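**Q** I need the structure of the sequence given here:
(2 chains)
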Amino acid sequence: MRMVTAMQTWWRRRSGVAVMLLAITAQSPLWSQQNMNPVLAPQGQHPLVHADMPPGSLGRIRGLSPGPLQGAYQPIEIHAPAGVEVTAAVPGGFPPPVAQPMRLAVLVGGVYRFQLTNLPMQPGTELFPTVEVIDRLYPPPGQEGNFPIPIHFDALDIRDALAGRLVTRVVYLEDPQTAFAAADPPQSQRTLDVRPDTDPLLTADRLGRPVAVIRLGSRVPPDQPELLDGFLMGSPPWIPLVSAGTTMLPPGTP
Amino acid sequence: MNTPITARILCLVACVGPVVGCSLPAWKNQLPFAAAHQEPIPSPTPVANTSQANTSQANTSQANTSQVNPAEATRRAAAPLQHASLTEGAAYPPHAAVQTTGHFAPASGANFQGYGCPPGMNCPPGPQGQPGGFAGRWGCGPAGHAPGQGYQQGCFGTAAPCYPQMPPLASFGLDPQEFLCDGGDQSPRAVYTVEDRIAGVDLEDTVVKYENGAGDIHVVPSNRVCIYAPRFAAVRRVSGAVTDELATGPVAYLRADGTSDILADQPSSAVMGPIGPQRQELARGPDAVRLRELGVPIDRVQGPMLAQEILAAMVNLSLLKDGVLRDADKPWIAKGADAALVWSVGLAPEVMASELRAVVLSRDQAAEGLTTYELPNGRLRVIKVADRPTAAVGDIVTFVLRIDNLGDGPVAKVELTDNLTTRLEYVAESQSCSKGAIFSTTDNDGGSLRLTWKFTDDFKVGEGAIIRFRCRVR
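**A** Presented below is the predicted three-dimensional model:
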């Protein structure tokens, strides 16, 4: 007897409600639309995906969904306070930081470990946040690198992380029909703070389409070298992109 | 002289020769004057499949167009008079929001037929076990990669492995949230009411109201222009340092000493059992990510393809230049509706002068008689284009509105309304109109402005106007 379990996720764009589908078929290995159940049920049931899932889980579920997500590179742009140096992990460690804003292309579903150094008023302190891109954009041909997902590590996030707290930031694509009628400067990002018992992924899904999850805490690299690869989340490959503020590419980038 | 009525009369009455040829489709494309002034409705000549489809839409839209006389409006006081309809559906489908910008171009290195696995090689199975791989599209990987990663044979006779090629799915239908649209008439439709106002003009709507010679009042929408301008925001949550714990049981109970303690609740503290390590095992999934290292190198598709420079010559479009739609221009107009069309203002007058020299019909004006018929059926068409297909926050987008009277009679009381969407901020004093009009702005529900042009003069037959204004993307 063949038993194939398939999980499928996609996002309802018009209504802004994310749906993950669970398909259990006994006969066919293909996706079955009729055996899929919604994740975010409107009756207040527990969703199957939430922001508290460990890094990589959301991306893995998204990777199982149909669509041009597997193996797709999505450009992102890293923003941090002035003076803060940012670099992304490569196998074995971190390359030297580059100028901001750092622009790179990452795999959808991959978890990338970053290193923040030269923090303001915190000499010698480092932070190691993770960025998990769970969805991608579909720009016109030839414009793939011009519309990155902005990833912001703002000063408030850094302050909370240095105080021992965990900051979970879910970046979502705004619905233009309900967008806020004010422009944001490129150095900042409009942020909605929610209570600790509120799922930011669910909230972001109601406001738009979640595309990335940022986790910024106080975790530091392990002392044992054999655990470093796990800390770096496997160091998935990324491609450096040249942006307006980039003058050189980091050496040793994949 | 420059009216289509004159040309038609010359044809019907004088019959001065085949030069005019207004009623013969075979001659239309040969005569710039005839094509320019005698064919306000696009020709049904089957130049392409697109034109055929558009022609049918034009007939449908015309059939759906209803006219309401204000004299009858009093009998319909409780109901809106005129639904917005599209009179020129051939060029502007009423609900075709945006034409597809993306197209399935052959992937790099995949010069074999279609996107299937190249013949004679063993392409890896697809992610779901489907033969042929993801969406049936495979291409060769970067040169220099040895095919030793489980593939038995190189890609298309090369040493490169076979990689799934991601199609440029940049069509509008994939996710409209990434686009910023303006124009058209979204539901509910715009209507003209007996209170002499236009209702139902929602955000993004652009409609024009006019009255023809018979007293009928029409409300006509423009086409819809969409610009790729995604904007992001974030939801932030700050939690304690200890996470991923589960309440497994109470810590202790408080023993009551007497009846006075009956109101004292038991403490809600509980034993917290960490469940983090189990989840941490689940997080060790980078191996699966490595397997997905099959994407298209993004530097390959990052060429400096600036649509603005490439399409700058599209200012020669007769539709924008002199308001005449030709079949050959329809594909470009479709792209213009998708904001990929560039409007270059500076070059327009030069080309316009060179085109108009073809209007040489003086010898044919020696007709025996000239009879002028006053036809009351004026009809307006509204075109809207943007100067750029993509925009970032803070960029300036220039919109151009072209209004033409394509009917057989003049129209009066023309009022154009453009209700800007939330993320479009009108740049003050940036509008210009080639015809006399009273411009006004009012706040709308989206925190933006509702732009209104009330034309002071009538639109004669074949007469048009061009409106330009700029918006800043929020």
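
**Q** I figured residue A:91 hits residue A:233, correct?
**A** No: judged on Cβ atoms under 8 Å, residue A:91 makes no contact with residue A:233 at a distance of 11.1 Å. In short, each C-beta sits where N, CA and C put it, glycine included.

**Q** How about residue B:463, nearest residue that isn't a chain neighbour?
**A** The shortest distance from residue B:463 to any non-neighbouring residue, by Cβ to Cβ, 6 or more residues apart in numbering or on different chains, is to residue B:405 (5.3 Å).

**Q** repeat for residue A:215
**A** Spatial nearest neighbour of residue A:215, excluding adjacent residues (Cβ to Cβ, 6+ apart): residue A:130 at 4.9 Å.

**Q** Residue B:384 belongs to a helix?
**A** No: under DSSP: H, G, I helix; E, B strand; the rest coil, residue B:384 sits outside any helix and is assigned strand.

**Q** More neighbours: which of residue A:91 and residue A:233?
**A** Counted by other Cβ atoms under 10 Å in any protein chain shown, residue A:91 and residue A:233 do not tie: residue A:233 has more neighbours, with 22 against 13.

**Q** Contacts for the helix or strand hosting residue B:181, please.
**A** Secondary structure assigned from DSSP states H and E places residue B:181 in strand B:179-183. Defining contact as Cβ atoms under 8 Å, 6 or more residues apart in numbering or on different chains, one finds that strand B:179-183 is touched by A:176, B:97-98, B:172, B:204-206, B:221-229, B:384, B:386, B:391, B:399, B:418, B:420-421, B:423-424, B:471, B:473.

**Q** Same question for stretch B:391-400.
**A** A:146-147, A:183-184, A:186, B:180, B:182, B:225, B:227-229, B:231, B:320, B:343, B:383-388, B:418, B:424, B:427, B:466-474.

**Q** Report the buried members of these.
**A** Buried by 16 or more other Cβ atoms under 10 Å in any protein chain shown: A:146-147, A:184, B:180, B:182, B:225, B:227-229, B:231, B:320, B:343, B:383-388, B:418, B:424, B:466-474, out of the contacts of stretch B:391-400.

**Q** what's the burial count for the residue of the stretch 101-250 of chain A found nearest chain B?
**A** The nearest approach of the stretch 101-250 of chain A to chain B comes at residue A:234, 1.7 Å away (Cβ to the nearest Cβ). Residue A:234 has 23 neighbouring residues, counting by other Cβ under 10 Å.

**Q** tell me the secondary structure for it?
**A** Put simply, residue A:234 is coil when judged by three-state DSSP.

**Q** Give me the pLDDT for it.
**A** For residue A:234, the model assigns a pLDDT of 89.

**Q** Equivalent analysis for residue A:116, please.
**A** 93.

**Q** now swap in residue A:88 and tell me
**A** 93.

**Q** hang on, it packs against residue A:116?
**A** No: counting by Cβ under 8 Å, residue A:88 sits too far from residue A:116 to count as a contact (11.0 Å).

**Q** How about the backbone phi and psi for residue A:162?
**A** Taking degrees, to the nearest 10, you get phi -70, psi -20 for the backbone angles of residue A:162.

**Q** Wait, a helix at residue A:227?
**A** Yes: under three-state DSSP, residue A:227 sits within a helix.

**Q** That one: how many residues sit nearby?
**A** Residue A:227 sits with 11 neighbouring residues when counted by other Cβ under 10 Å.

**Q** List the residues that contact residue B:468.
**A** Neighbouring residues of residue B:468 by Cβ under 8 Å, 6+ apart: B:345, B:398-401, B:430-433.

**Q** and if we set it to 7 Å?
**A** By Cβ atoms under 7 Å, 6 or more residues apart in numbering or on different chains, the contact set of residue B:468 is B:398, B:400, B:431-432.

**Q** Mind giving me the ChimeraX select for those, buried ones only?
**A** Here is the ChimeraX command that selects the buried residues among the contacts of residue B:468 (16+ other Cβ under 10 Å):
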select /B:398,400,431
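
**Q** Same list (the contacts of residue B:468) but as CSV, adding pLDDT and secondary structure.
**A** Shown next, in CSV, are those (pLDDT from 0 to 100; DSSP: H, G, I helix; E, B strand; the rest coil):
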residue, pLDDT, secondary structure
B:398, 90, strand
B:400, 89, strand
B:431, 91, coil
B:432, 91, strand
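
**Q** which non-adjacent residue is nearest the residue of the stretch 351-474 of chain B found nearest chain A?
**A** Residue nearest to chain A within the stretch 351-474 of chain B: residue B:447 (2.8 Å; Cβ to the nearest Cβ). Leaving aside its chain neighbours, residue B:447 sits nearest to residue A:181 (2.8 Å; criterion: Cβ to Cβ, 6+ apart).

**Q** give me the number of residues near that neighbour?
**A** 16.

**Q** Next, it: secondary structure please.
**A** Of the three states, residue A:181 takes coil under three-state DSSP.

**Q** Now look at stretch B:219-228 and say if it contacts chain A.
**A** Yes: judged by Cβ under 7 Å from any Cβ of the partner chain, stretch B:219-228 comes into contact with chain A at residue B:228.

**Q** How about stretch B:191-202?
**A** No: residues of stretch B:191-202 are not located near chain A by Cβ under 7 Å from any Cβ, the shortest gap being 9.9 Å.

**Q** Quick check: residue B:215 is in a helix.
**A** No: Residue B:215 is assigned coil when assessed by three-state DSSP, not a helix.

**Q** Relative to chain A, how far out is it?
**A** According to Cβ to the nearest Cβ, to the nearest Å, residue B:215 stands 37 Å off from chain A.

**Q** what's that residue sitting at in phi/psi?
**A** Per-residue torsions, residue B:215: phi 90, psi 0 (degrees, to the nearest 10).

**Q** wouldn't residue B:444 be in contact with residue B:452 here?
**A** No: with contacts counted by Cβ atoms under 7 Å, residue B:444 stays clear of residue B:452, the gap being 11.0 Å.

**Q** before we move on, what SS does residue A:113 have?
**A** Assignment for residue A:113 (three-state DSSP): strand.

**Q** Per-residue confidence, it, what does it come out as?
**A** Residue A:113 is assigned 94 on the pLDDT scale.

**Q** Not counting sequence-adjacent ones, nearest residue to it?
**A** Ranked by Cβ to Cβ, 6+ apart and with sequence neighbours excluded, the top spatial neighbour of residue A:113 is residue A:89, at 4.2 Å.

**Q** To what extent is that neighbour buried, counted in neighbours?
**A** Neighbours of residue A:89 (other Cβ under 10 Å): 25.

**Q** who touches it in this structure?
**A** A:112-113, A:232, A:235 are the contacts of residue A:89 under Cβ under 7 Å, 6+ apart.

**Q** Compare those and tell me which is most surrounded.
**A** Going by other Cβ under 10 Å, residue A:112 tops the contacts of residue A:89 with 26 neighbours.

**Q** partners of the residue lying closest to that one once chain neighbours are set aside in the sheet?
**A** Closest residue in space to residue A:112, ignoring its immediate chain neighbours: residue A:131 at 4.9 Å, by Cβ to Cβ, 6+ apart. When assigned by DSSP bridges, residue A:131 has beta-bridge partners residue A:112, residue A:214.

**Q** got the residue ranges for the strands in the stretch 301-450 of chain B?
**A** B:380-386, B:396-405, B:411-419, B:424-426, B:432-433, B:437-443, B:449-455 (DSSP state E, counting those that start in this stretch).

**Q** cool, the stretch 51-200 of chain A as well?
**A** In the stretch 51-200 of chain A, the strands defined using DSSP E, counting those that start in this stretch lie at A:73-79, A:85-88, A:102-107, A:111-117, A:130-133, A:149-152, A:166-174, A:191-194.

**Q** Nearest approach to residue A:216 belongs to which of these?
**A** strand A:166-174 (4.3 Å; Cβ to Cβ).
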